[in-house]
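In: Model the following, please.
(chains A and B)
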Amino acid sequence: MTLTVRVWRQPGAEAEGRMVDYRVEDVSPDMSFLEMLDILNEDLITRGEDPVAFDHDCREGICGSCGVVINGLAHGPEQTTTCQLHMRAFSDGDVIDVEPWRSRAFPVIKDLVVDRSALDRIIGSGGYISAPTGSAPEAHSTPVPKPDADRAFENATCIGCGACVAACPNGSAMLFTSAKVTHLNLLPQGQPERETRTLNMVAQMDAEGFGGCTNSGECTVACPKEIPMFSIANLNKEFLRANRKKRS
Amino acid sequence: MTDHSDLFTLGAPLVDGAAPSGPIEGRWDKRKFDAKLVNPANRRKHKVIVVGTGLAGGSAGATLAEQGYHVTQFCFQDSPRRAHSVAAQGGINAAKNYRNDGDSVYRLFYDTVKGGDFRSRESNVYRLAQISTQIIDQCVAQGVPFAREYGGLLDTRSFGGVQVQRTFYARGQTGQQLLIGAYQALSRQIDAGNVEMHARTEMLDLIVVDGKARGIVARDLVTGKIDTYFADAVVLATGGYGNVFFLSTNAKGSNASAIWRAHKRGAYLANPCYTQIHPTCIPRSGEHQSKLTLMSESLRNDGRIWVPEKMGDTRPPHQIPENERDYYLERIYPAFGNLVPRDIASRAAKNQCDQGRGVGPGGLGVYLDFADAIKRLGRPAVEAKYGNLFDMYARITAENPYETPMRIYPAIHYTMGGLWVDYDLQSTIPGLFVIGEANFSDHGANRLGASALMQGLADGYFVLPSTINDYIARGGFGDINAQTPEVVATQNEVTGRIDQLLSINGTRTVDSFHRELGNVVWDQCGMARNEGGLRKALDRIPELRQEFWSTVKIPGTGYELNQQLEKAGRVADFMEFAELLVRDALVREESCGGHFREEHQTSDGEAARDDDNFSFVSAWEYTGVGENPVLHKEDLVFDYVHPAQRSYA
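Out: From the prediction side, this is the model:
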């Protein structure tokens, strides 16, 4: 296949950005989207131009590093990570737009690379169970009903890629935060910090400049790990509950 | 046996001075009791640097900070949560005996020593088995959502090389869930100000002052700024070096730079030729391939591996009748069948393909078939167990594994070699500790499934936090600052190297060099090796290194986010490291674990280990790029599990 790829180029955080057109030839349908960008970069380097900067690492859909907006969709036309999107999703002669995640809380560092450290700070504000090493009770002393364990697991699979934020018209981090709150608040181990966790994480989310949630649901469509809308409803419930408990 | 004295000089034997004596069951308790302690109030006066945030580094950073040390931690990714441990799929072993199937600490110890082909240390492995039960307790307390039974108790499954069911798992994302647990514990400490986290920052050198590791030189990958960081001890948790082969299951950023640069500062490198080839990887689809993807070994619990009996049979799998299929693992190894250890399964697949029975493009693949499992358990049960793995396979290959068997082929996966450490996990440089895949001690020549996660977390949560106290309590840390001559010299070397790389401005890309180096190492030092091929590699690697340093092209400057420059530094190190790897493979004149020397095999083609001559660790001392290194041998002693031919028949 031969493609025209229009890429957001921005040399640095303070620099102005613009879309630049590139032609990429000999694209095989078995290539991943990132391998297509590799080919573009090899060509750019050989021609003495600056290659396109993009984040990536495991290239098997689990580290959460990669993520770009492709033709207006976070991670592109399929519900997966950019590294697991293959070129068979495109056709010969296609024009493909590639842009970085767009959100006030994710400033651009260079080209397609953005700063997602706001998500780490949300976790640091309460997205954990305080269990210092070496003091844990025997694992079988805390049974967890299988349905709870399964639902906790589904929410724990969030890879923190930020697609939910990029897809949201408000730039909200509700899906990310709700996944963590749902994971930990469902488990018996997570109960002692249930209220403080919820309140602190929501406060941090606001402090980072993420937008509010209006239940548009775009996040769940873009989420490569299929975190459900239920989690957002659950965060709202947990938030009300925590506020009520705090007052009483 | 050939005399390889043209490849190295023999140094003094190496002895593990920290290893306790006495009955193996009591050694770890004895070591902990004998170790000096640091008063909790005094800990905050001490700084520890931790490089890497995977299972080993993340758990170590969190635990040291909980103990009261001030931790400065680094990762090259944008967040500690992205370390490559996140990609481990299958599970984590623990000798809990929840299945009442005869498991015990001793049996886990026994299986691991045997599975490692008698090239690991008994004391270390016993400690690992002992700690394994505590790891599960710790992770459950953190909220790691392990698979559960309907009664609410933890579920387990079995893994290659063992006959009990001791593997705890979280669907096919066990590594992710364990890493998220460690990352959350670390995040809590970052938020509390006990860990100073530097993401997008890469260690480029080790600072050694008065013979002790006292800090690192690191580059801020966003601004390009080179800075120095100081501490009383440095912990490397930087993972394995599998990417020396270019194509591997490792994340693209995984590299050997931290351990290689520490090696150049005096840390010995042990057993670099012990590379694990994993049997169940998705075969490569073409020249463009940038990395390989593993299908979890847990699939071998229910999947049956076969090839067509006839050579060059190109019929689609469903047209090949049952009596024309060869379920070769079940045939050759009836007791373990499809669950033989990784090295055995990998070599058997290679043999089938070499004989012309391979399937798929280029004949480099064998079938992993779930038809029987679907018939026996029903598709929903198979989906519940392996659903995400099947989806991943379908996504990458555009084939539906519920309807047609998966194709798999072996690939580079994990490296058992690494920096030499003693029982305290301290390298030959005092104050430099090495944990997880970056060290060498626990897996021998072959790593059994579900034991990498166990080792990473054992080292980080439990072993290092005990042993580092002893080192710090002994004190003797002089003041150092940015003007200390050793600091200035190391920093200058780092900046000089970067300037040199950027000034070459040649014609070839970094990736093209990396691919070529990878091909040389895979072809000559991969699953099967022989003296002729290894010698060829030893001729080619220095030439390639020279070409790299004269014709590589790196656009941009050092004062910005420059991903080509990052890669160039790592590939430059692989060019030096690869030579040591090949030397080690040449000198080890036996077949052992993942290391198969064609000259050393039994009459039926199985690996022939040579305990009389090679029951030792090769610990290499650096003498200069391309110079003959010094080989220090550490004899391995087996008091409990007596070396025997590994039989899985």
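In: rest of the way, CA atoms for contacts and neighbours
Out: Will do.
In: Return the backbone torsion pair for the residue of the stretch 351-500 of chain B found nearest chain A.
Out: Closest contact between the stretch 351-500 of chain B and chain A, by Cα to the nearest Cα, is at B:Tyr461 (6.4 Å). Dihedral pair for B:Tyr461: phi -80, psi -40, per degrees, to the nearest 10.
In: B:Phe433 too?
Out: Backbone torsions of B:Phe433, given as degrees, to the nearest 10, read phi -100, psi 150.
In: Could you check how many residues crowd around residue 18?
Out: I'll assume chain A. 13 (other Cα atoms under 10 Å in any protein chain shown).
In: Switch to chain B, please.
Out: Other residues lying near B:Ala18 total 14 when counted by other Cα under 10 Å.
In: cool, and B:Ser158?
Out: Residues contacting B:Ser158 under the criterion other Cα under 10 Å number 22.
In: follow-up on the earlier one: the residue of the stretch 351-500 of chain B closest to chain A: how many residues sit nearby?
Out: B:Tyr461: 29 surrounding residues under other Cα under 10 Å.
In: so it makes contact with A:Thr133?
Out: Yes - applying Cα atoms under 8 Å, one finds B:Tyr461 in contact with A:Thr133, separated by 6.4 Å.
In: quick one, longest helix in chain A?
Out: With secondary structure taken from DSSP state H, chain A has its longest helix at helix A:229-247.
In: What helices and strands are in contact with that one?
Out: Contacts defined by 3 or more Cα pairs under 8 Å, 6 or more residues apart in numbering or on different chains; DSSP states H and E place helix A:229-247 against helix A:174-186, helix A:194-207.
In: highest average neighbour count across those helices?
Out: Across the helices and strands packed on helix A:229-247, averaging neighbours per residue (mean count of other Cα atoms under 10 Å in any protein chain shown) puts helix A:174-186 on top, at a mean of 26.
In: Next, the angle from that helix to helix A:229-247.
Out: Counting by axes from the mean of the first three to the mean of the last three Cα atoms, to 10 degrees, helix A:174-186 lies at 60 degrees to helix A:229-247.
In: So which residues make contact with helix A:174-186?
Out: Contact partners of helix A:174-186, identified using Cα atoms under 8 Å, 6 or more residues apart in numbering or on different chains, comprise A:122, A:127-129, A:148, A:151-156, A:158, A:160, A:162, A:164, A:190-191, A:194, A:197-198, A:201-202, A:205, A:212-213, A:219-220, A:227, A:229, A:231-232, A:234-235, B:143.
In: and it, average pLDDT?
Out: Throughout helix A:174-186, pLDDT has a mean value of 98.
In: now that helix, how far from the chain's geometric center?
Out: In terms of Cα atoms, centre = their mean, to the nearest Å, the centre of helix A:174-186 is found 14 Å from the chain centre.
In: and if you look at stretch B:68-88?
Out: Offset of stretch B:68-88 from its chain centre (Cα atoms, centre = their mean): 16 Å.
In: That stretch and chain A, are they touching?
Out: Yes - applying Cα under 8 Å from any Cα of the partner chain, one finds stretch B:68-88 touching chain A at B:Gln77, B:Asp78, B:Ser79, B:Arg81, B:Arg82, B:Ala83, B:His84, B:Val86, B:Ala87.
In: The closest residue to the fourth one other than its chain neighbours in helix, strand or coil?
Out: What it means is B:Arg81. Among residues not flanking B:Arg81 along the chain, B:Tyr183 sits closest, at 5.7 Å (Cα to Cα, 6 or more residues apart in numbering or on different chains). Using DSSP: H, G, I helix; E, B strand; the rest coil, the structure places B:Tyr183 in helix.
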